[in-house]
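Asks: have a look at this fold, sequence not included:
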């Protein structure tokens, strides 16, 4: 009976310690990965959010490009990049924090114009609807 009680107490301590470690790592991850908004953004920081994760869909059309991002926080967010009068969203794109150039399309699209698999990006979204997408180089 005493051995059983000791085993139970040890398991409770192990589980409590494990929960404490997981909570600590999650909090540290959130603090360590705080991102600095790109200088190109003009909206105030209190009117800005960002979604970082794997881009699961990407479609370009006249005047707008739509991305779906599966975030690192396990949400899926739809982001619309407006680019009136053109099919080219590149002025609203960065790659690795640097301005996006015509030669950078090969990093995000294959020869058929389809999204490359496993791409990551951070979409910076202002409450006024302006968006800046920073693609991560693979």
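Replies: Yep, that arrived. Note that the coordinates shown come from a computational prediction; the quantities given were computed from them, not determined experimentally.

Asks: nearest residue to the residue most central in space within the chain in space, please, no chain neighbours.
Replies: The chain has residue 52 as the residue nearest its centroid, 0.9 Å off, counting by C-alpha atoms, centre = their mean. Excluding the flanking residues, the one nearest residue 52 by C-beta to C-beta, 6 or more residues apart in numbering is residue 122, at 4.3 Å. (Glycine included, C-beta is placed from N, CA and C.)

Asks: next one: the helix or strand hosting the one you found to chain centre, how far?
Replies: Taking DSSP states H and E as the definition, residue 122 sits inside strand 120-126. Taking C-alpha atoms, centre = their mean, to the nearest Å, one finds strand 120-126 lying 6 Å from the centre of the chain it belongs to.

Asks: partners of it in the sheet?
Replies: strand 48-61 (antiparallel), strand 131-135 (antiparallel) (DSSP bridges).

Asks: reformat these as TSV; add mean pLDDT and distance to residue 72.
Replies: Supplementary listing: these in TSV, determined by pLDDT from 0 to 100; distance: least, C-beta to C-beta, whole Å:
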stretch	mean pLDDT	distance to residue 72
strand 48-61	96	5
strand 131-135	97	14
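
Asks: quickly compare the ones you listed and say which is most buried.
Replies: Using mean count of other C-beta atoms under 10 Å, the stretch among the strands paired with strand 120-126 with the largest mean neighbour count is strand 131-135, at a mean of 22.

Asks: show me the contact partners of that one.
Replies: 38, 40-41, 67, 79-82, 89, 92-97, 100, 104, 107-108, 119-125 (C-beta atoms under 8 Å, 6 or more residues apart in numbering).

Asks: now the buried members of those.
Replies: The neighbour count (16 or more other C-beta atoms under 10 Å) marks 41, 67, 79, 81, 89, 92-95, 100, 104, 108, 119-125 as buried among those.
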